[in-house]
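> fold the following and give me the result.
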Amino acid sequence: MANSSHTTFKKFTSLLRQSLRGEEHDYTSGSLQKAVFLLAIPMILELSLESVFAVVDIFFVSKLGENAIATVGLTESVITIVYSIAIGLSTAATAVVARRTGEKDPEAAAHAGAQSIRITVILSVIISAFGMYYAPEILQTMKASPSVIKEGAIFTRIMMGGSLSIMLLFLINGVFAVREMPPWQ
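Residues are numbered from 1 along each chain as shown. Here you go, the predicted structure:
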């Protein structure tokens, strides 16, 4: 029994190292579980590092007082919704671009990528405008105190105004991830 768990642990650590090295791998052949694991680890790490932004923001504003900490916490909660939308768009774009790439139609893949960028820019402009205009109302909806709303609305406006960069970060990573996959033969 101990030998079996030791072997499983060695396989796990080997796969973990392989996923972090960023080597080229043909995901279309071999074990589906292995392919999912190799793709999932970098994504999990990326999302984990994205969540560190909130912790760093709170660390730096903690010297400004309770209202600043509350503002960052509430605003980061709303930004998580933006992350979710961005991840959804990125996943959809990756699927369409990968399909066109698999069909060996680079023009259609490029067109799908460009359309994805257009849709994301339009959607993020709407989200940014909404978030910037309704920042106090967003904080109020989240049950922030009047002093948090008064002091923190500007932070919320800035963060919501940056939605374009957040959404394009995820989308471009998703679209160009297809290029890193080996060509299907």
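> following the longest helix along the chain, which helix or strand comes up?
When the chain is scanned for its longest helix (criterion: DSSP state H), the result is helix 66-102. Following helix 66-102 in sequence order, the next helix or strand is helix 106-133 (DSSP states H and E).
> by contact count, what packs against that following helix?
In this structure, helix 106-133 packs against helix 66-102, helix 146-161, helix 163-180, with contacts taken as 3 or more CB pairs under 8 Å, 6 or more residues apart in numbering; DSSP states H and E. Bear in mind the C-beta positions are built from the backbone N, C-alpha and C, glycine included.
> could you give the mean pLDDT of it?
Throughout helix 106-133, pLDDT has a mean value of 93.
> which stretches of the protein have low pLDDT?
When residues are selected by pLDDT under 70, those of the chain lie in 1-3, 22-29, 178-185.
> which one of the helices and strands packed on helix 106-133 lies closest to Val55?
Ranking the helices and strands packed on helix 106-133 by proximity to Val55 (CB to CB) places helix 66-102 first, at 9.2 Å.
> in terms of secondary structure, what does the longest helix of the chain contact?
So helix 66-102, by 3+ CB pairs under 8 Å, 6+ apart, packs with helix 32-61, helix 106-133, helix 135-141, helix 146-161, helix 163-180.
> convert the last one to CSV, retaining C-alpha atoms only.
Only the C-alpha atoms of helix 163-180 are listed here, as CSV (Å, rounded to 0.1, in the frame of the first residue of the first chain):
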residue,chain,number,x,y,z
SER,A,163,-12.0,46.4,-17.0
LEU,A,164,-10.7,46.6,-20.6
SER,A,165,-7.2,45.6,-19.5
ILE,A,166,-8.5,42.8,-17.3
MET,A,167,-10.7,41.4,-20.0
LEU,A,168,-8.1,41.7,-22.8
LEU,A,169,-5.5,40.0,-20.6
PHE,A,170,-7.6,36.9,-20.3
LEU,A,171,-8.8,37.0,-23.9
ILE,A,172,-5.5,37.4,-25.5
ASN,A,173,-4.0,34.7,-23.4
GLY,A,174,-6.8,32.4,-24.5
VAL,A,175,-6.5,33.2,-28.2
PHE,A,176,-2.8,32.9,-28.3
ALA,A,177,-2.8,29.7,-26.2
VAL,A,178,-4.0,28.0,-29.3
ARG,A,179,-0.8,29.0,-31.1
GLU,A,180,1.3,27.2,-28.5
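> what about Leu74, how many neighbours?
Neighbours of Leu74 under the rule other CB atoms under 10 Å: 21.
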